[in-house]
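> no sequence for this one, just the structure:
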């Protein structure tokens with residue numbers, strides 16, 4: 001019973017053990033490692049099968065039968081596996097069974113009749129066994145079924161040439177060329193004819209070739225063929241035919257570069273230069289980089305200085321065209337490009353260039369974007385007037401430019417004035433005045449007014465000038481230069497009263513842009529009229545408005561310039577008044593220093609020792625001081641040294657000023673304190689004495705504080 005239990009237990013399949021720890025092992029073993037170790041530990045080495053030697057025909061027949069049966073079984077299993085068919089045929093060929101081999105290839109072709117490698121193997125087998133006619137038949141079948149398979153044609157022609165059948169080879173090529181194959185096939189045909197010195201036949205093949213494949217490189221090959229064989233005129237004719245063939249619609253730089261280089265090799269430099277120039281004028285610039293490079297090299301080798309400069313200009317022109325193609329609003333590039341066109345002298349090309357340039361209107365209506373653009377119109381108009389000498393087109397250009405500018409947002413006075421000046425040159429004064437009047441009505445500007453006034457002055461129309469000045473001052477009454485020029489005009493015309501009235505109106509304006517210039521001009525005008533009392537009145541009126549040190553110095557210099565016996569005394573009086581006014585107004589110390597230095601220079605030249613000593617007493621002391629620096633945020637940033645001026649008059653007045661300041665401060669404190677409540681009746685006798693004591697104590701404290709501050 002125990003044995004049976006043991007046997008029963010052994011007969012059962014062992015249970016799969018449960019994996020308790022499923023974490024990856026520290027050392028990982030790959031399948032590749034397992035296979036490599038199994039190969040290394042393989043102890044038994046399988047010996048190769050022994051070589052068999054067939055000794056009699058029966059054994060050979062048995063072997064052949066066995067092998068054929070294996071191949072046939074393989075073919076039955078998979079008829080479409082061409083590798084089995086090829087191996088079968090090659091085995092039969094190795095057994096010298098050519099008929100069987102041929103039969104196998106034919107059976108394979110019945111299965112797949114468009115298999116290119118199968119035809120190649122079949123034909124090569126026939127060629128190896130010197131079955132030339134069979135090979136020809138196979139090639140004929142192959143090229144008939146698959147005429148686009150170039151391998152068959154190459155093999156077929158190679159076989160015929162190797163057999164020495166040149167006529168047959170040429171016939172095969174002709175059959176091939178009927179299908180218009182790729183370029184290399186034609187070149188192979190040409191090479192065949194060249195190997196046998198058949199130049200006429202090769203030329204005929206090239207003629208057909210360039211018509212079937214009309215590429216530029218093929219025409220160049222044809223021309224090079226003619227040149228290499230010594231037919232220079234023929235090569236030139238080929239190039240000329242190529243140029244005519246493509247015409248002006250299709251201009252290829254490669255063709256013209258090759259044509260020019262051919263002429264250069266033949267020492268025909270003028271022909272080459274003509275070809276280069278024709279190509280530069282007609283080939284699209286974006287595809288003419290190589291053409292330009294070749295032209296520059298040619299001119300450097302065979303050209304003159306003028307020719308080299310032309311090449312450089314053409315190169316620059318091409319660069320500018322590329323820049324403009326990338327950014328059409330690059331107006332600086334347009335200026336340079338148009339300058340080159342003008343140097344070439346072709347007016348139609350220049351006009352076309354200007355039209356393209358002005359067509360690129362700035363996309364934003366802001367004046368800063370239009371500044372460079374407007375100069376394109378101006379240069380266009382100048383070109384039409386001075387170079388092309390076409391007044392009508394010039395007028396059209398100006399009118400188009402004026403119509404394009406958005407005058408409600410901004411305008412360009414230069415355009416209006418140039419257009420008016422052009423009309424004047426054309427003796428159309430009425431049109432010029434209408435144009436400037438329209439400009440003032442649409443978009444009045446200072447420059448337009450000035451240009452219009454200058455035009456009328458040149459025409460001696462002074463009444464018109466007065467009207468224009470009045471309109472100008474109505475438009476901008478704060479423009480001091482306009483007032484001055486208006487008064488100057490009246491002065492030139494001899495109307496002194498009118499000029500003086502204009503000046504008086506000007507200085508009474510509430511707002512002026514440069515009043516100091518206006519006052520100076522008025523004073524100079526009165527000095528020219530030798531109205532010195534009016535000059536003094538003007539200085540007094542000016543000093544009522546401003547107490548600037550330069551005005552005082554100018555006043556003193558005026559008094560000194562009169563050169564009479566009281567001039568020095570009057571000038572000294574002006575200096576004293578100036579010093580007193582600057583002290584009262586608490587002006588800047590630097591201004592007082594400037595005044596004292598001017599006074600000292602005056603006394604040095606015109607005064608005596610006593611007057612110089614008086615001025616010297618007023619001269620300040622220069623003291624170096626320190627002050628704290630603060631940033632904009634109020635943070636302390638250290639200390640800095642500076643120079644300050646201490647005047648003797650300020651030192652004398654300083655204690656009194658401090659006392660007055662302290663009294664004012666005490667008064668403000670008293671006003672800020674609340675009034676005391678009334679005291680009880682019983683204490684009426686003691687209250688006054690207490691208040692008087694308090695007042696005396698406060699007075700003593702203030703005096704002590706004042707003494708300490710002094």
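Cool, the structure landed. Computed from a predicted structure; not experimentally measured.
> And the strands in the chain?
621-630, 636-646 (DSSP state E).
> Now mean pLDDT, mean neighbour count and distance to residue 498 too, for these, in JSON lines please.
All C-beta spots, glycine's among them, are computed from the backbone N, C-alpha and C. Shown next, in JSON lines, are the strands of the chain (pLDDT from 0 to 100; neighbours: other C-beta atoms under 10 Å; distance: least, C-beta to C-beta, whole Å):
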{"stretch": "strand 621-630", "mean pLDDT": "77", "mean neighbour count": "10", "distance to residue 498": "52"}
{"stretch": "strand 636-646", "mean pLDDT": "76", "mean neighbour count": "10", "distance to residue 498": "48"}
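> Please identify which of these is closest to residue 452.
In this view, those are compared for proximity to residue 452 by C-beta to C-beta, and strand 636-646 is the closest at 52.5 Å.
> Just checking: what are the partner strands of that closest one?
strand 621-630 (antiparallel) (DSSP bridges).
> What are the contacting residues of the partner strand?
636-646 (C-beta atoms under 8 Å, 6 or more residues apart in numbering).
> Take those and lay them out in TSV including distance to residue 286.
Below are the contacts of strand 621-630 laid out as TSV (distance: C-beta to C-beta, whole Å):
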residue	distance to residue 286
636	67
637	62
638	65
639	68
640	65
641	68
642	67
643	69
644	73
645	74
646	79
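> in this structure, what secondary structure element scores lowest on mean pLDDT?
The helix or strand of the chain with the poorest confidence is helix 687-709; it has a mean of 39 (mean pLDDT, DSSP states H and E).
> still on that earlier bit, nearest to residue 170, of the strands of the chain?
Here strand 636-646 is closest among the strands of the chain (C-beta to C-beta), at 101.8 Å.
> which residues in the stretch 351-500 of the chain form helices?
Chain-ordered helices for the stretch 351-500 of the chain, with DSSP state H, counting those that start in this stretch as the definition, fall at 367-382, 391-404, 413-425, 429-442, 446-458, 462-475, 480-492, 496-507.
> Pipe those helices into TSV and attach mean neighbour count, mean pLDDT and distance to residue 348 per row.
Shown next, in TSV, are the helices of the stretch 351-500 of the chain (neighbours: other C-beta atoms under 10 Å; pLDDT from 0 to 100; distance: least, C-beta to C-beta, whole Å):
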stretch	mean neighbour count	mean pLDDT	distance to residue 348
helix 367-382	18	89	14
helix 391-404	16	88	12
helix 413-425	19	88	23
helix 429-442	16	85	29
helix 446-458	18	85	34
helix 462-475	16	84	42
helix 480-492	20	83	46
helix 496-507	17	83	55
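> My guess is residue 436 contacts residue 416. True?
Yes - Residue 436 lies in contact with residue 416 (C-beta atoms under 8 Å); the separation is 6.6 Å.
> follow-up on the earlier one: same list (the strands of the chain) but as TSV, adding distance to residue 174.
TSV is the format used below for the strands of the chain (distance: least, C-beta to C-beta, whole Å):
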stretch	distance to residue 174
strand 621-630	103
strand 636-646	100
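> Low-confidence bits of this protein, can you list those?
1-17, 19, 42-46, 303-312, 586-587, 649-661, 673-710 (pLDDT under 70).
> who touches residue 475 in this structure?
By C-beta under 8 Å, 6+ apart, the contact list for residue 475 reads 444, 449.
> hmm, 10 Å instead?
440, 444-446, 449, 482 (C-beta atoms under 10 Å, 6 or more residues apart in numbering).
> So which of the residues you listed is the closest to residue 23?
Out of the contacts of residue 475, the member with the shortest distance to residue 23 (by C-beta to C-beta) is residue 445, at 90.1 Å.
> shared neighbours of residue 436 and residue 416, which are they?
448, 451-452.
> Measure how buried the residue lying closest to residue 478 once chain neighbours are set aside is and give me the count.
Once flanking residues are discounted, residue 478 sits nearest to residue 511: 4.8 Å by C-beta to C-beta, 6 or more residues apart in numbering. Using other C-beta atoms under 10 Å, residue 511 has 7 neighbouring residues.
> Would you agree residue 511 is in contact with residue 518?
No - in terms of C-beta atoms under 10 Å, residue 511 does not count as a neighbour of residue 518; the distance is 12.0 Å.
> Of the contacts of residue 475, which is the nearest to residue 248?
For these, the nearest to residue 248 is residue 445 (50.7 Å; C-beta to C-beta).
> show me what contacts the closest one?
410-413, 416, 439, 451, 475-476.
> Got phi/psi on residue 215?
Note on residue 215: backbone dihedrals following degrees, to the nearest 10 are phi -90, psi 160.
> Also residue 530?
Here is the backbone geometry of residue 530 (degrees, to the nearest 10): phi 60, psi 30.
> For residue 519, see how far away it is.
Plainly put, residue 530 is 19 Å away from residue 519 if you go by C-beta to C-beta, to the nearest Å.
> Likewise for residue 221?
Taking C-beta to C-beta, one finds residue 221 at 90 Å from residue 519.
> Leaving out chain neighbours, which residue sits closest to residue 488?
residue 499 (7.7 Å).
> Might one say that that neighbour is in contact with residue 490?
Yes - the criterion here is C-beta under 10 Å, and residue 499 meets it with residue 490 at 3.9 Å.
> re the thing from before, of the contacts of strand 621-630, just say which sits nearest to residue 132.
residue 637 (108.6 Å).
> Look up how far residue 629 lies from that closest one.
According to C-beta to C-beta, residue 637 stands 4 Å off from residue 629.
> Likewise for residue 564?
Using C-beta to C-beta, we find residue 564 at a distance of 53 Å from residue 629.
> One more: residue 318?
Distance of residue 318 to residue 629, given as C-beta to C-beta: 61 Å.
> what's the answer for residue 462, then?
From residue 462 across to residue 629, the span is 61 Å (C-beta to C-beta).
> now residue 202
Distance of residue 202 to residue 629, computed by C-beta to C-beta: 97 Å.
> tell me the contacts of residue 537?
With C-beta under 10 Å, 6+ apart, residue 537 has these contacts: 526, 531.
> quick one on the thing from earlier: among the contacts of residue 475, list the two that are farthest apart in space.
440 and 482 (13.9 Å).
> so what sits against both of these two?
Joint contacts of residue 440 and residue 482 (C-beta under 10 Å, 6+ apart) are 449, 472, 475.
> can you put the residues you listed in a markdown table and add distance to residue 81?
Shown next, in a markdown table, are the shared contacts of residue 440 and residue 482 (distance: C-beta to C-beta, whole Å):
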| residue | distance to residue 81 |
| --- | --- |
| 449 | 102 |
| 472 | 105 |
| 475 | 102 |
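> that older thread, which among the contacts of residue 475 gets closest to residue 342?
residue 445 (30.9 Å).
> Any idea which of the helices of the stretch 351-500 of the chain gets closest to residue 27?
When those are ranked by proximity to residue 27 (C-beta to C-beta), helix 367-382 comes first, at 74.9 Å.
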